[in-house]
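1. Kindly return the folded structure for what I paste below:
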Amino acid sequence: MTDAALLRVALVQLDAGPDVETNIAIASSLADEAAAAGARLVALPEYLQYRGPDDGYRASARPVPGPWTDRFAAVATRNDAWILVGSLAETSDEPARPYNTSVLIAPDGSIAAIYRKIHLFDVAVEDGPVDRESDRVSPGDRAVVVEVDSIGVGLSICYDLRFPELYRALALAGAEVLCVPANFTERTGRDHWEVLLRARAIENGAYVLAPGQVGGPPGQPAFGRSMIVDPWGTVVAQASDRVGIVTADLDLDRVRSIRRQIPSLANRRPGATVVR
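-> A predicted model of the protein is given here:
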C-alpha cells in the first residue's frame, strides 16, 4: 500500500467440520495465502476450529495463547500481517462451557486483543435452527476496540450483530472498522445477514468486515456470503458459496468524510426520556 489512509483486508470463508487439525490447517493455509498476496489484515470466521456436536466443541477448547493461536501467530510473523482469528473455543473456569473467543494477532506474532462473545445464540426459529449456545459457551462481558495500524477496529462475533447498541459503543470508543466473524445460519441468513451488516455500517459510518462459514454439519447449514461493507452501506466485496478469499482496500478517509456528512454519532441525544 502506498496510501496511509488505505488498509488492504482479506476475508477467509471456510467450511469447517469436526476434524480440528484439518480445520486449523486449512484456515491457516488460506490466511497465509491471503496475507502473502498483500492483505494487511486477514479476518477468519467464527468456530473455525470445529463445527459438530457439542462434546467435540468442548474437547477442542485450548488456552489463549495456546496451540491454536500459535499456528496463526506463525502466519502473522511470516507475512508481517494482522490476523483476526474469528473465533476459537477457549478454555474457561467451566470445562463444559469454554469461551467463544476472537483473537487478534499482531504482525510480530503477539496477541493484540482478545474478545469473548457477549451475546450467545439461544434461539428457536420456526422451520429453522434451534440452539442454546449458552449450554456450551460461557459469555464474555467486555467490548473491545483495538488499534490496527492506528485504525480503530471493533471486535464482535456472529449473534452480536443483532444488538446495535454494542456497535454504537464500539464506534463511540473509536472504531472505524467493525469485525463480525460468523457462522450465520442459512435459514436466517437469507433474510437478515446482509440487511443487518449494512445497517451496522450505516448507523456507525464504519466499514464492516464479515467473514463467515459456508456449508456445515447436516441440518445446520451456514449461509456464507462473507462480505465487506463500506460506511455508506454499500457491499464492496462478497464471497461466493464456497471456501475462498475476498479482498478489498478500505479507504479510511471515506469513514471520516461520511461521518462529517451524516454526523449521527455526534448528534445523539441518549438522555431523552421514554414516555409510555
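2. nearest spatial neighbour of Gly152, skipping sequence neighbours?
-> Gly174 (3.8 Å; C-beta to C-beta, 6 or more residues apart in numbering). All C-beta spots, glycine's among them, are computed from the backbone N, C-alpha and C.
3. Can you say which helix or strand has the one you found in it?
-> Using DSSP states H and E, Gly174 maps to neither a helix nor a strand.
4. Spell out the residue ranges of the helices in this protein.
-> 20-36, 54-59, 67-79, 164-172, 186-204, 252-261 (DSSP state H).
5. need these in a markdown table with mean neighbour count and mean pLDDT, can you?
-> Shown next, in a markdown table, are the helices of the chain (neighbours: other C-beta atoms under 10 Å; pLDDT from 0 to 100):
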| stretch | mean neighbour count | mean pLDDT |
| --- | --- | --- |
| helix 20-36 | 19 | 98 |
| helix 54-59 | 15 | 95 |
| helix 67-79 | 19 | 98 |
| helix 164-172 | 18 | 98 |
| helix 186-204 | 19 | 96 |
| helix 252-261 | 16 | 97 |
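6. need those in TSV with distance to Met227, can you?
-> Below are the helices of the chain laid out as TSV (distance: least, C-beta to C-beta, whole Å):
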stretch	distance to Met227
helix 20-36	15
helix 54-59	26
helix 67-79	22
helix 164-172	16
helix 186-204	6
helix 252-261	17
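7. Identify whichever of those lies nearest to Gly140.
-> With C-beta to C-beta as the measure, helix 164-172 is the member of those nearest Gly140 (11.1 Å).
8. can you give me the offset of that closest one from its chain's centre?
-> Averaging C-alpha coordinates over helix 164-172 and over its chain gives two centres that are 15 Å apart (C-alpha atoms, centre = their mean, to the nearest Å).
9. Closest to the centroid, which residue in this structure?
-> Pro181 (2.2 Å; C-alpha atoms, centre = their mean).
10. Show the pLDDT at the residue nearest to it when sequence neighbours are not counted.
-> Spatial nearest neighbour of Pro181, chain neighbours left out: Gly86 (2.9 Å); criterion: C-beta to C-beta, 6+ apart. Here, the pLDDT recorded for Gly86 equals 98.
11. roughly how far apart are Gly86 and Leu170?
-> The spacing between Gly86 and Leu170, counted by C-beta to C-beta, to the nearest Å, is 17 Å.
12. And for Val153?
-> For Val153, the distance to Leu170 - C-beta to C-beta - is 9 Å.
13. Need the residues touching each of those two.
-> 145, 178 (C-beta atoms under 8 Å, 6 or more residues apart in numbering).
14. Buried residues of the worst-scoring helix or strand of the chain on mean pLDDT, list them for me.
-> Least confident helix or strand, the chain: strand 130-132 with a mean of 83, by mean pLDDT, DSSP states H and E. Buried residues in strand 130-132, counted by 16 or more other C-beta atoms under 10 Å: Asp131.
15. residues near Val229, how many?
-> By other C-beta atoms under 10 Å, 26 other residues sit near Val229.
16. For Arg132, see how far away it is.
-> In terms of C-beta to C-beta, Val229 sits 30 Å off from Arg132.
17. what's the answer for Gln213, then?
-> Counting by C-beta to C-beta, the gap from Gln213 to Arg132 is 19 Å.
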